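# Task: produce atomic coordinates for the following.
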Amino acid sequence: MDKETKNKNSNTENKKSLKNIEANDFDNIDAKKKRPNLREIRAENKKKRSESKIISNLGKDFVKEEKEDFIKKIKSEENIDEKKKLKEELKKIFKNGEAINSKGNIIDIKGLEKYYCNGINCEHILHNINLEIKEGEIVVILGASGSGKTTLLNIMSGLTNPTLGDVVVAGKNMLYLSEAGRTKFRADNLSFVFQSYNLIPSLTVVENIKVGENLRSKDVEKIEMSKILETLDLEKQAKKYPFQLSGGQNQRVSIGRALAKNPKLLFADEPTGALDEEKGREALQMLLDINEKYKTTLIMVTHNPNFANIADMVLYIKDGRVDRIKKNKTKLKASKIDWS
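Just a heads-up that it's a prediction; the model follows:
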């Protein structure tokens, strides 16, 4: 191979190498363009945190602004007697959360919105819920898993605060109550029955029921222990411990503990979920008997559509919204409903 041919081949190889280098450089440039921009990510997260904080505080900010307007109204009032009345009203509304239910209602909900925020992202759980529940009613809330039915129950019972909207329960507006205020409200007015029994293993049936009785408000009439044991068919088990009882009997004890408070409202979240059909029917009928005998408002969350037949009102929740409301003219006993 002569010198001229060698040079041509060398030039050809160099050109190929150059092209490869240029192609790799362009690939590297494209890779740099695709590489996440940390500054942009931080700016986006900062924006999301700001939005999350605004959404989380919607209710607090609303109440704060309303309170400030109310204080201005007090300051501008010249009449001493009227000023005094306004100050008392200020305390009732913004400290004690006092509100008035519509006639015959124990729950009034208007424009309820609920978001869950984790500091960056927010999930809209409940959308513009409007609802009225009469005193002494049995209400069954139905919906698929993740529909928002348990969140709605938790807000009505004061376990979770609403993001926005009026939720007036037994004369108290949940939006205006602090966490401590909601705790006191639950202690004074409500009882719960859950799927898990949550009994104290070292206490007998009677002692477990007395735990509920000790939480009873002084203003509420006491239900005698003998009546509770009789209502729940637990007279023969009175001195036994939870480990000596069946699942159905333990659930009856948890119902007895709830009843011992003689609450205005009884909330039940899947109360028969851990029981077989026979024991489940028994526990369900106990709840219905309590409603009939003591006029306790019963609100129950379940996934079983057949439970709709025991209720005065059935609330269907879908994707965080009230899909429809059904009123029953006649109700069935637990023994008459389909369990499948």
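# And the strands in this structure, which stretches?
Along the chain, counting by DSSP state E, strands occupy 105-117, 122-134, 138-142, 164-169, 172-173, 190-194, 265-269, 297-302, 313-318, 321-327.
# Just put those strands in JSON lines and tack on mean neighbour count, mean pLDDT and distance to Glu77.
Glycine gets a C-beta too; all of them are placed from N, C-alpha and C. Shown next, in JSON lines, are these (neighbours: other CB atoms under 10 Å; pLDDT from 0 to 100; distance: least, CB to CB, whole Å):
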{"stretch": "strand 105-117", "mean neighbour count": "19", "mean pLDDT": "96", "distance to Glu77": "28"}
{"stretch": "strand 122-134", "mean neighbour count": "17", "mean pLDDT": "96", "distance to Glu77": "34"}
{"stretch": "strand 138-142", "mean neighbour count": "24", "mean pLDDT": "97", "distance to Glu77": "42"}
{"stretch": "strand 164-169", "mean neighbour count": "22", "mean pLDDT": "97", "distance to Glu77": "25"}
{"stretch": "strand 172-173", "mean neighbour count": "22", "mean pLDDT": "97", "distance to Glu77": "23"}
{"stretch": "strand 190-194", "mean neighbour count": "22", "mean pLDDT": "90", "distance to Glu77": "37"}
{"stretch": "strand 265-269", "mean neighbour count": "23", "mean pLDDT": "94", "distance to Glu77": "37"}
{"stretch": "strand 297-302", "mean neighbour count": "24", "mean pLDDT": "95", "distance to Glu77": "39"}
{"stretch": "strand 313-318", "mean neighbour count": "20", "mean pLDDT": "97", "distance to Glu77": "42"}
{"stretch": "strand 321-327", "mean neighbour count": "13", "mean pLDDT": "96", "distance to Glu77": "40"}
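# In TSV, list those along with distance to Lys73.
Shown next, in TSV, are those (distance: least, CB to CB, whole Å):
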stretch	distance to Lys73
strand 105-117	23
strand 122-134	28
strand 138-142	37
strand 164-169	20
strand 172-173	19
strand 190-194	33
strand 265-269	34
strand 297-302	35
strand 313-318	37
strand 321-327	35
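# so where's this protein uncertain?
1-36, 41 (pLDDT under 70).
# how's it carved up into domains?
Split into domains by automatic domain parsing, the chain comes to 1-30, 62-94, 105-336.
# From the opening residue of the longest one to its closing one, how far?
The first and final residues of domain 105-336 sit 29 Å from each other (CA to CA, to the nearest Å).
# ditto for stretch 218-232
Start-to-end, stretch 218-232 (CA to CA) is 24 Å.
# Tell me which residues of it come out buried.
Neighbour counts over stretch 218-232 (16 or more other CB atoms under 10 Å) mark 223, 228-229, 231-232 as buried.
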